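Trainee: Sequence isn't available, so here's the structure alone:
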Ligand SMILES: Nc1ncnc2c1ncn2[C@@H]1O[C@H](COP(=O)(O)OP(=O)(O)O)[C@@H](O)[C@H]1O
Ligand SMILES: [Mg+2]
């Protein structure tokens, strides 16, 4: 803990009035709603930038629930989620972490990239994900029972997994799960147009290009171009940037540091949009 007692967790507590735009791809909205109503925890798997975070904030707003989002990182501990005693004005006071707040107040707690977190995090998740739905707070001696409107959602990117960092089956098998992928072309076109303001016809070309670039994933590319990057590209084009420059900055540079790989991507882009 830092001297001021500040926690290393950065969480966002949202209470949105407006429904964030989310274009469904499959049955994910129904699945989420069923899981919420049946008090089951949900696991979302999928590559970066494919809409997982947007989906969760959309569903939280749709259900009218507060959303506590935590981006997990390799220093994140159980105490960052549950809470800790902090020194405030000469007194020590217990301050709830985002998970505890969601359990106390009701709401959705979303742990993004959960496999990054320290191993002790799974220890607090286990009792919350069985049918007792309990959160024991050792430090305060409390045993909190999650209300009906508490939901735990976690996500990770299986593409990044290595042996040291993956969810153990004993954790995984406590969740209802759904795999996310990049949206099919018609949906992705709609998303990119809506998010960037670029005309849908012009977005079609970008979406087709993305499919071609994603086919290049594997040998040299760790991950295919994300919907997020397509939105960036379309946003720059809509703002007046020449297409090739926009594509270079959003669909080539962020994807690889390797010059040969970059060259290959650029070739595919030029083949689509001309020199
Ligand atoms: N189905 C979708 N509906 C609406 N926006 C989407 C969708 N899929 C992707 N996006 C766009 O892609 C961006 C990145 O999505 P995000 O949810 O942050 O990805 P992830 O959490 O999977 O990394 C969003 O900000 C949004 O603009
Ligand atoms: Mg995300």
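Mentor: Arrived safely, thanks for sending. Nothing here was measured: the structure is a model prediction, and the numbers come from that model. Ligands and ions are numbered 1, 2, ... in the order given.

Trainee: give me the number of residues near residue 35?
Mentor: Residues lying near residue 35 (other C-beta atoms under 10 Å) number 21. Heads up, the C-betas are built off the backbone N, CA and C, glycines and all.

Trainee: Surely it and residue 151 touch.
Mentor: Yes. The pair residue 35 and residue 151 qualifies as a contact (C-beta atoms under 8 Å) at a distance of 7.1 Å.

Trainee: shared neighbours of the two, which are they?
Mentor: Applying C-beta atoms under 8 Å, 6 or more residues apart in numbering, one finds that residue 35 and residue 151 are jointly contacted by 41-42.

Trainee: Give me the phi and psi for whichever residue of the stretch 51-200 of the chain sits closest to ligand 1.
Mentor: Using C-beta to the nearest ligand atom, the closest approach of the stretch 51-200 of the chain to ligand 1 is made by residue 51 at 2.6 Å. Backbone torsions of residue 51, given as degrees, to the nearest 10, read phi 110, psi 10.

Trainee: Could you measure from it over to residue 230?
Mentor: Relative to residue 230, residue 51 is positioned 12 Å away (C-beta to C-beta, to the nearest Å).

Trainee: Just give the nearest non-adjacent residue to residue 102, would you?
Mentor: In space, residue 102 comes closest to residue 109 once its chain neighbours are excluded; the distance is 3.9 Å by C-beta to C-beta, 6 or more residues apart in numbering.

Trainee: Show me what the one you found is bridged to.
Mentor: Residue 109 forms beta bridges with residue 68, residue 152, as assigned by DSSP bridges.

Trainee: correct me, but it touches residue 70?
Mentor: Yes. Applying C-beta under 8 Å, one finds residue 109 in contact with residue 70, separated by 7.4 Å.

Trainee: okay, and the common contacts of the two?
Mentor: In terms of C-beta under 8 Å, 6+ apart, residue 109 and residue 70 are both contacted by the residues 98-99.

Trainee: So between those two, which is more surrounded?
Mentor: Remark: of residue 109 and residue 70, residue 109 carries more neighbours, 28 against 25, as counted by other C-beta under 10 Å.

Trainee: Identify the residues contacting that one.
Mentor: Shown in contact with residue 109 (C-beta under 8 Å, 6+ apart): 68, 70, 98-99, 102-103, 150-153.

Trainee: same thing but 10 Å
Mentor: Taking C-beta atoms under 10 Å, 6 or more residues apart in numbering as the definition of contact, the neighbours of residue 109 are 11, 13, 41, 66-70, 81, 97-103, 125, 128, 146, 150-154.

Trainee: can you give me the end-to-end distance of stretch 93-104?
Mentor: Start to finish, the residues bounding stretch 93-104 are 17 Å apart (C-alpha to C-alpha, to the nearest Å).

Trainee: mind listing what's buried in it?
Mentor: When burial is assessed from 16 or more other C-beta atoms under 10 Å, stretch 93-104 yields the following buried residues: 96-104.

Trainee: swap in stretch 250-260?
Mentor: Within stretch 250-260, the residues that qualify as buried by neighbour count (16+ other C-beta under 10 Å) are 250-252, 255-256.
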